[in-house]
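**Q** Coordinates for the following, if possible.
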Amino acid sequence: MTWVKSLPRIHQVAVVCLALLLLYPVVNPWEPYPQAVLLLGFLLAIQAVSWNIISGYAGYVSLGHSMFLGLGAYTAGIIATRWGLNPLAIAPLGGVVAMVIAVGIGAVVLRTRGHAFVIITIAMLFAAQIIAVNARDLTLGSDGITLPLPFWGRDFQYIPFYYVFLVMLVLVVAFSAWLRRTKFGAGLVAIREDEGKAASIGVNTTRFKIVAYALSAFPIGAAGSVYAYYLTFINPVGSFAILGSVTIVLAALAGGRGTLYGPVIGAFAVNLA
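**A** Numbers count the residues shown, from 1 in each chain. So this is what the prediction gives:
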């Protein structure tokens, strides 16, 4: 494993942690509670790393990001109940729906800054909840949507969800690391440091912010589809909860906003607290 030794120390630690997490269900398969705690930690980490793209790299703090989890959940719930498709298979579609809506919202709200942006993102979250309550023909309103049970046997417990969320976490961290090293990532950091100066050196700040907002929404929307399948029931209040957004922000801030592994560490710290 010479390639591991060639990595920076922080990446070596990450690889070791990943190996331990991959092996845990194998060496201890009959403990559903620890599996559930860990997979919920993975879910929070996915959201915190995604939030970090717009709020850590670009500096635009959103308090409404749990909206994208709800959008992904409802995408999976509606399609699964109406057309019988498996929520795991349509998880990317949940991400696409979240991304498209993020582009529409971002084109408007990202023209604001500071406290105004924070307040508008909260308003968008509550607006999504109200729409989900009132669009009964599509969402069944406050009654919620009951999804089909997982297709695997009960002997597998939470293990399939555990690995799905873990793989998604690895992918979103890898994407975040790659993004930070690109010219686009450098542009986001320039916006965070001084948006006016970034614009003066040729950074299309509006376009960069909208793309970053959309990219931060996709993984959360995809994870929301899987989460809906895990819960097997979704409703507007639970899917679009302000507490979910606050927890995402807390996880990223606790671990280190704007860093690569900080949101992951913070997510596990918050989840286990």
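**Q** which element follows the host helix or strand of residue 17 toward the C-terminus?
**A** Element membership for residue 17 (DSSP states H and E) is helix 9-27. Per DSSP H and E, the first helix or strand lying C-terminal to helix 9-27 is helix 32-52.
**Q** in that following helix, what's buried?
**A** 35, 38-52 (16 or more other Cβ atoms under 10 Å). Any C-beta I mention is one placed from the backbone N, CA and C, and that applies to glycine too.
**Q** From those, pick the one nearest residue 145.
**A** Nearest to residue 145 among the buried residues of helix 32-52 is residue 43, at 19.0 Å by Cβ to Cβ.
**Q** Check the average confidence over the helix holding residue 17, would you?
**A** The average pLDDT within helix 9-27 is 91.
**Q** which parts of stretch 96-103 are buried?
**A** 96, 97, 98, 99, 101, 102.
**Q** any chance of those residues in CSV, with secondary structure and distance to residue 205 too?
**A** Putting these into CSV (DSSP: H, G, I helix; E, B strand; the rest coil; distance: Cβ to Cβ, whole Å) gives the following:
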residue, secondary structure, distance to residue 205
96, helix, 25
97, helix, 26
98, helix, 23
99, helix, 20
101, helix, 21
102, helix, 17
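**Q** Looking at the residues you listed, which is nearest residue 57?
**A** Once Cβ to Cβ is applied, the member of these that ends up nearest residue 57 is residue 102, at 15.4 Å.
**Q** residues in contact with the closest one?
**A** Applying Cβ atoms under 8 Å, 6 or more residues apart in numbering, we find residue 102 in contact with 68, 213, 214, 216, 217.
**Q** Next SSE downstream of the strand or helix carrying the last one?
**A** Following DSSP H and E, the helix or strand that holds residue 217 is helix 205-231. Read in the C-terminal direction, the helix or strand following helix 205-231 is strand 233-234, with elements assigned using DSSP H and E.
**Q** The next helix or strand after that next one: which residues count as buried?
**A** Next helix or strand after strand 233-234 toward the C-terminus (DSSP H and E): helix 236-239. Within helix 236-239, the residues that qualify as buried are 236, 239, counting by 16+ other Cβ under 10 Å.
**Q** just checking, what packs against helix 236-239?
**A** Helix 236-239 makes packing contacts with helix 66-83, helix 114-134 when contacts are defined by 3 or more Cβ pairs under 8 Å, 6 or more residues apart in numbering; DSSP states H and E.
**Q** contacting residues around the following helix or strand past the last one?
**A** Sequence order places helix 136-139 as the next helix or strand after helix 114-134, per DSSP H and E. Judged by Cβ under 8 Å, 6+ apart, the contacts made with helix 136-139 from elsewhere in the structure are 74, 78, 132, 133, 145, 236.
**Q** Now the second one: closest residue in space that isn't a chain neighbour?
**A** Nearest-residue entry for residue 78: residue 138, 6.4 Å, with adjacent residues in sequence omitted and distances by Cβ to Cβ, 6 or more residues apart in numbering.
**Q** low-scoring stretches of the stretch 151-273 of the chain, by residue?
**A** Along the stretch 151-273 of the chain, the model assigns pLDDT under 70 to no residue.
**Q** now for the helix holding residue 17, which elements pack on it?
**A** Checking 3+ Cβ pairs under 8 Å, 6+ apart, helix 9-27 ends up next to helix 2-5, helix 32-52, helix 159-181.
**Q** JSON lines for the contacts of helix 136-139, including distance to residue 203?
**A** Below are the contacts of helix 136-139 laid out as JSON lines (distance: Cβ to Cβ, whole Å):
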{"residue": "74", "distance to residue 203": "35"}
{"residue": "78", "distance to residue 203": "38"}
{"residue": "132", "distance to residue 203": "36"}
{"residue": "133", "distance to residue 203": "40"}
{"residue": "145", "distance to residue 203": "42"}
{"residue": "236", "distance to residue 203": "38"}
